[in-house]
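**Student:** Sequence below, structure please.
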Amino acid sequence: MRIERITDLERPELGDFRSLTDVALRRVSEPAGGLYIAESTKVIGRALAAGHRPRSVLVIEQWLPDVERLLEGHDDVPVFVGSTALLKELTGFDMHRGALASMHRPALLPVEEILAGARRVVVLEDIVDHTNVGAIFRSVAGLGADAVLITPRCADPLYRRSVRVSMGTVLQVPWTRLPEWPEGADVLRDAGFHVAALALDDTAVELDAFAASVPDKVALLLGSEGDGLSSAAMRHSDTIVTIPMMHGVDSLNVAAASAVALYTIRVR
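**Tutor:** Modelled structure (predicted):
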């Protein structure tokens, strides 16, 4: 790696790290540029372990020894080092986790390859909150599901906040984007999956009852915040499943609901 101490924020090589709090800007610029941002040495380490290639790294001076250990063998990667105040001015936030890496995005795998050998998969329909996306990936990893599929309009799992909230598990869990939806549900069914929509509906089966005779291969559909699953997604489902609630509460946050449902239908 090449260590470069910075004093001039106008250097073009720092463009990957500029104004990272501008969600609209990053949503367009990072995928278009084939990049994503990994935040913290733990997440950078997981990205490297997954075989992802760093383009450059930004680090606060006192965190440099940790980054040096991570980047052994990456001799061509520039590491930009600066003060806390200077890097806050560049990125737009306090870098409490010490380091950021601009990583090359891996190519998305075909849906069929993601599904091969899987028994529990999660489908995210149009979820817009990056925090929810990251939290769902963490539940998927921690509770033993095999993969995640996201619809064309779903938020980017490799957006900085998604990666951070997931504790880097978006870099471990196999995932890809469905080319079309809800027609993509037919691909799941053709692969032998029982498509279970998690939703509020008069015809829904309670989660415990569904889990009592759970199919061998289940694709769990989770809908967007507020509106939930679309009517088209529910029509393409084999079963509608609901989590019974108490005290007048009708539903859980989508990330919390994913954890409850995945634990209940886990492969035992």
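**Student:** quick one: average confidence on the helix ranked longest in the chain?
**Tutor:** Longest helix of the chain, by residue count under DSSP state H: helix 130-142. Across helix 130-142, the average pLDDT comes to 97.
**Student:** buried stuff in it?
**Tutor:** For helix 130-142, the neighbour count (16 or more other C-beta atoms under 10 Å) marks 130-141 as buried. Every C-beta, even on glycine, is put in place using the N, C-alpha and C of the backbone.
**Student:** same thing with stretch 81-89?
**Tutor:** Buried, per 16+ other C-beta under 10 Å, within stretch 81-89: 81-82, 87.
**Student:** now it, how far from the centre of its chain.
**Tutor:** Centroid separation for stretch 81-89 versus its chain: 27 Å, with C-alpha atoms, centre = their mean, to the nearest Å.
**Student:** Alpha carbons only: can I get that stretch in CSV?
**Tutor:** Extracted in CSV, the C-alpha atoms of stretch 81-89 (Å, rounded to 0.1, in the frame of the first residue of the first chain):
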residue,chain,number,x,y,z
VAL,A,81,-4.2,9.6,6.1
GLY,A,82,-5.4,12.8,7.8
SER,A,83,-6.6,14.4,11.0
THR,A,84,-10.1,13.8,12.5
ALA,A,85,-11.2,17.4,11.7
LEU,A,86,-9.9,17.2,8.1
LEU,A,87,-11.6,13.9,7.3
LYS,A,88,-14.8,15.1,8.8
GLU,A,89,-14.7,18.1,6.5
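**Student:** what does that stretch rub up against?
**Tutor:** Here stretch 81-89 makes contact (C-beta atoms under 8 Å, 6 or more residues apart in numbering) with 3-7, 9, 17, 58-61, 64, 90, 94-95.
**Student:** Only whichever of the residues you listed are buried, select them in PyMOL.
**Tutor:** Applying 16+ other C-beta under 10 Å to the contacts of stretch 81-89 leaves a buried subset, and the PyMOL line that selects it is:
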select buried, resi 6+17+58+59+60+64+90+95
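**Student:** Helices of the chain, residue ranges please.
**Tutor:** So, for the chain - with DSSP H - the helices run 23-32, 41-49, 64-70, 84-91, 111-115, 130-142, 160-165, 184-190, 207-212, 231-235, 254-264.
**Student:** give me every residue that touches L198.
**Tutor:** With contact set as C-beta under 8 Å, 6+ apart, L198 has these partners: 220-223, 229, 241-243, 257-258, 261.
**Student:** which residues does it form a beta bridge with?
**Tutor:** Beta-bridge partners for L198, by DSSP bridges, are V241.
**Student:** ok, W63 to D129 distance?
**Tutor:** Distance from W63 to D129, counting by C-beta to C-beta, to the nearest Å: 29 Å.
**Student:** tell me the contacts of the residue nearest to G228 when sequence neighbours are not counted?
**Tutor:** Distance criterion C-beta to C-beta, 6 or more residues apart in numbering; nearest residue to G228, sequence neighbours excluded, is A199 at 5.5 Å. Residues in contact with A199, defined by C-beta under 8 Å, 6+ apart, are 221, 223, 228-229, 234, 240-242.
**Student:** ok, now L171?
**Tutor:** By C-beta under 8 Å, 6+ apart, the contact list for L171 reads 38, 43, 46-47, 49-50, 52, 163.
**Student:** Mind picking the two most distant members of those residues?
**Tutor:** Farthest-apart pair in the contacts of L171 is A49 and V163; separation 13.9 Å (C-beta to C-beta).
**Student:** more neighbours, the two?
**Tutor:** Remark: of A49 and V163, V163 carries more neighbours, 28 against 12, as counted by other C-beta atoms under 10 Å.
**Student:** pretty sure that one is in contact with E30, am I right?
**Tutor:** No - using C-beta atoms under 8 Å, V163 is not in contact with E30; the gap is 10.9 Å.
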